[in-house]
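Participant: sequence unknown, structure follows:
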Ligand SMILES: Nc1ncnc2c1ncn2[C@@H]1O[C@H](COP(=O)(O)OP(=O)(O)OP(=O)(O)O)[C@@H](O)[C@H]1O
């Protein structure tokens, strides 16, 4: 239909030639009712359970036709196979009958085989005679009928027998004689025969012996692999299949990198529906793809940034604004490359202000100096102090933004959150500000003593506090924090900081603990463990996004291979970013040659983050309470966590559980039982209420008597 300009622009749909339609009003009404009737029929057709799924989509119909052709082509071989299996089944049955196996077994069990031996022998002899007689009768009858009516009698007899044997040997649950020793589930025949897939699920112990799967869609070819969607039995959960992906890969005889298992969520899915995709070969064995950002002149930082491709070559875009990103891996796995991909998206938006702190101090980030508002490269304590100043400046900036947002009217600023329009308005001066810290473990571990507001603490501790505050409060004010670390261990990255990082990307790490530190607690038990990635797969990692990513919709996490952006491409992007900023007159700070130091109000910032005083007061607390308080950080504050499981404390602080319980008892902290939510449901665990911990700290600080109690076993 030819709609008028206004309709296209979003106002009410008005037909382009109203006069003609007024003249033919009856005709118009009739055509509308016909259209709505056909729409209703189409909708019924698509949603009816009576209409088979293959008739609802062209793709499925074509696939069904292909399946039919393949089935027809394979049917002679399948029939032959079934006849052979039937022969084996019949042969086995006859052998057990003629040997009187059941009677013999019963006698053996009753330890009366010697007594019954004579009877068994006589019965076996009789059954041999019956067999001989039946064979003789069949041969004689066959010969006579052949003489009387010709060869076709033998053909008919043979065909009936073959059909009988094929029925006996058909692949059905529990049929003896059908289990292949060398092939079966350990080949990709499941794409042709769903029963093999069922067997694989059974072998992997994902469904029981008597349970089966329901195919939602037959195996179809998608990309360089086969995709199939199945419904598990009602008692099983899709999350368990994801958790045990490796066992399923083993049952299907493929490497686990070739197997993708995803839950189907939302309207078309449920908690027991699983989408499987099996690649023909290692999906990461091919050369990496270059970032599509090379082909664009500019990018909008509010749009998710192209980050990589999953095993199925689906594009994975990463939202950056309103969140933050933590990248962790052992050296040389592609952390810097991953962080630079995120940076490339914001560099190509001339309205974004950039802070780049490169503690790797190599040439990887060098080109960013021409676009960054603040840039530094180095790993000395003086660089850490410069970072402290930047962070203090940013904390003050965020506070200023929140204050100014309060004064803006609701049309400009509907919530206490920056909007795309606000971020680009030069009068408001609230650009999206992205801060990249590579090798963040260097500043976090720095021991340079600092005195903030009369309290002593290390530069590393202060950096941790400032980053935590920024990751918590900054995103809504337009601060994007991207941290990359080579040492994702619990001592380096404070738990309070990890807890507030929205998106996580774990490339290969040493063990599941490190993987959990990047991706979040218990992620290994849910099937996401980046220590299992292959060393040769550079740039491949597990992404746990904050929100939806384009490839898999609402996925908890996804394995992604980042785009490859070598130094020459990175330089091109940075040069383009500079040209864009020059054109928009947004080049500032370091890139514009202004080497001004930030104007800082340490006192205001210390008051804002509020935890510096707390941290300094920890000095003098007895162990292990001091470590507990330090590890909990801002989580110990009122409004933070209410309860901390003992197991978590013991694991994070790497202490002996028994000694820990005793020492905590000595400083007056008694464990209690509380309900916590785990991936396996709600569980009652032992732990400490943070209110009790705070009370103990206050008591000890005031020098009050400790209500000591020795607790024998705190596990
Ligand atoms: N997506 C990718 N595809 C293929 N190779 C990649 C990819 N990403 C990174 N690499 C390769 O991995 C190597 C290491 O990358 P990178 O320098 O980012 O590692 P890193 O983890 O930051 O190392 P370090 O811890 O030493 O700083 C690079 O030289 C690059 O060739």
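Facilitator: Arrived safely, thanks for sending. Treat the numbers as computed from the prediction; the structure is a model and nothing was measured.

Participant: Tell me the residues of the protein that contact the ligand?
Facilitator: When proximity is defined by C-beta under 6 Å from any ligand atom, the chain lies next to the ligand at 288, 329, 331-337, 360, 486, 538-539, 561-562, 564. (Each C-beta comes from the backbone N, C-alpha and C, glycine too.)

Participant: which residue does the chain bring closest to the ligand?
Facilitator: residue 539 (2.3 Å; C-beta to the nearest ligand atom).

Participant: Quick check: closest non-adjacent residue to that residue.
Facilitator: residue 334 (3.9 Å; C-beta to C-beta, 6 or more residues apart in numbering).

Participant: Pull the contacting residues for the one you found.
Facilitator: Residue 334 sits next to 507, 538, 539, 540, 541, 562 when contact means C-beta atoms under 8 Å, 6 or more residues apart in numbering.

Participant: Spatially, which two of the residues you listed are the most separated?
Facilitator: Pairwise distances among the contacts of residue 334 were taken by C-beta to C-beta; the largest, 9.9 Å, belongs to 538 and 541.

Participant: Which of the two has more residues huddled nearby?
Facilitator: Neighbour totals were compared for residue 538 and residue 541, and residue 541 leads with 31 against 20 (other C-beta atoms under 10 Å).

Participant: partner strands of the helix or strand encompassing that one, parallel or antiparallel?
Facilitator: Using DSSP states H and E, residue 541 falls within strand 540-544. Strands flanking strand 540-544 in the sheet, each with its direction: strand 503-506 (antiparallel), strand 558-562 (antiparallel) (DSSP bridges).

Participant: what mean pLDDT does the last one have?
Facilitator: Right, the one you point to is strand 558-562. If you average the pLDDT over strand 558-562, you get 94.

Participant: Now find how far off-centre it is within its chain.
Facilitator: Counting by C-alpha atoms, centre = their mean, to the nearest Å, strand 558-562 is centred 9 Å from the centre of its parent chain.

Participant: Just give me the residue closest to the centre of this protein.
Facilitator: The centroid of the chain falls nearest to residue 557 when counting by C-alpha atoms, centre = their mean (1.6 Å).

Participant: Just to check, residue 687 is in contact with residue 642?
Facilitator: No - between residue 687 and residue 642 there is no contact under C-beta atoms under 8 Å: 10.0 Å.

Participant: can you list the weak-confidence ranges in the stretch 51-200 of the chain?
Facilitator: Applying pLDDT under 70 to the stretch 51-200 of the chain flags the ranges 109-113, 171-193.

Participant: just the helices in it please.
Facilitator: Assigned by DSSP state H, counting those that start in this stretch, the stretch 51-200 of the chain shows helices spanning 58-98, 101-109, 113-149, 152-168, 194-203.

Participant: Among those helices, show me which one is buried the most.
Facilitator: Comparing the helices of the stretch 51-200 of the chain by mean neighbour count (mean count of other C-beta atoms under 10 Å), helix 194-203 ranks first with a mean of 21.

Participant: Can you name the element that comes right after that helix?
Facilitator: The element immediately downstream of helix 194-203 (helix or strand, assigned by DSSP H and E) is strand 214-222.

Participant: what angle do that next one and helix 194-203 make?
Facilitator: 110 degrees (axes from the mean of the first three to the mean of the last three C-alpha atoms, to 10 degrees).

Participant: so what's residue 206 closest to, chain neighbours aside?
Facilitator: In space, and not counting its chain neighbours, residue 206 is closest to residue 241: 5.5 Å by C-beta to C-beta, 6+ apart.

Participant: Determine the set of other helices and strands touching the one helix or strand residue 309 maps to.
Facilitator: Using DSSP H and E, residue 309 sits in strand 305-310. Applying 3 or more C-beta pairs under 8 Å, 6 or more residues apart in numbering; DSSP states H and E, we find strand 305-310 packed against strand 315-318, helix 335-347, strand 558-562.

Participant: give the contact list for residue 217.
Facilitator: Residue 217 touches 53, 60, 227, 228, 229, counting by C-beta under 8 Å, 6+ apart.

Participant: how close does the residue nearest to residue 539 get to residue 439?
Facilitator: Remark: distance between residue 334 and residue 439 (C-beta to C-beta, to the nearest Å) = 14 Å.

Participant: Please apply the same query to residue 407.
Facilitator: Counting by C-beta to C-beta, the gap from residue 407 to residue 439 is 39 Å.

Participant: quick one: which of these two has more around it?
Facilitator: Higher neighbour count among residue 407 and residue 439: residue 439, with 22 against 8, using other C-beta under 10 Å.

Participant: quick revisit: with neighbour numbers in mind, choose between residue 687 and residue 642.
Facilitator: Neighbour count, other C-beta under 10 Å: between residue 687 and residue 642, residue 687 has more, with 18 against 11.

Participant: residues contacting that one?
Facilitator: 643, 644, 645, 646, 647, 648, 649, 671, 672, 673, 674, 676.

Participant: Of these, which is the most crowded?
Facilitator: residue 644 leads the contacts of residue 687 on contacts (other C-beta under 10 Å) with 25 neighbours.

Participant: Doesn't it belong to a strand?
Facilitator: Yes - looking at residue 644 with DSSP: H, G, I helix; E, B strand; the rest coil, it is inside a strand.

Participant: in a helix, that's where residue 322 is, yeah?
Facilitator: No - counting by three-state DSSP, residue 322 falls outside a helix, being coil.

Participant: 677 is where my numbering starts, stick with that
Facilitator: Okay, residue one is now 677; in that scheme the one you just asked about reads as residue 998.

Participant: hang on, it packs against residue 1093?
Facilitator: Yes - Residue 998 lies in contact with residue 1093 (C-beta under 8 Å); the separation is 7.4 Å.

Participant: Overlap of the contact sets of those two?
Facilitator: residue 1152.

Participant: Mind checking which of the two has more residues around it?
Facilitator: Neighbour count, other C-beta under 10 Å: between residue 998 and residue 1093, residue 998 has more, with 19 against 13.

Participant: Residue 1152 contacts residue 1098, correct?
Facilitator: No - contact criterion C-beta under 8 Å: residue 1152 and residue 1098 do not qualify, at 11.5 Å.

Participant: quick one, which of those two is more surrounded?
Facilitator: residue 1098 (20 against 16).

Participant: ok, and that one, which helix or strand is that part of?
Facilitator: helix 1096-1100.

Participant: what does that helix contact?
Facilitator: Here helix 1096-1100 has contacts from 976, 978, 1027, 1084, 1088, 1089, 1104, 1106, 1107, 1108, 1154, using C-beta under 8 Å, 6+ apart.

Participant: Pull out the buried residues from these.
Facilitator: Among the contacts of helix 1096-1100, those classed as buried by 16 or more other C-beta atoms under 10 Å are 976, 978, 1027, 1089, 1104, 1106, 1107, 1108, 1154.

Participant: Pipe these into JSON lines and attach pLDDT and secondary structure per row.
Facilitator: Below are the buried ones among the contacts of helix 1096-1100 laid out as JSON lines (pLDDT from 0 to 100; DSSP: H, G, I helix; E, B strand; the rest coil):
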{"residue": "976", "pLDDT": "95", "secondary structure": "coil"}
{"residue": "978", "pLDDT": "94", "secondary structure": "coil"}
{"residue": "1027", "pLDDT": "95", "secondary structure": "coil"}
{"residue": "1089", "pLDDT": "87", "secondary structure": "coil"}
{"residue": "1104", "pLDDT": "91", "secondary structure": "coil"}
{"residue": "1106", "pLDDT": "94", "secondary structure": "coil"}
{"residue": "1107", "pLDDT": "95", "secondary structure": "coil"}
{"residue": "1108", "pLDDT": "96", "secondary structure": "coil"}
{"residue": "1154", "pLDDT": "94", "secondary structure": "coil"}
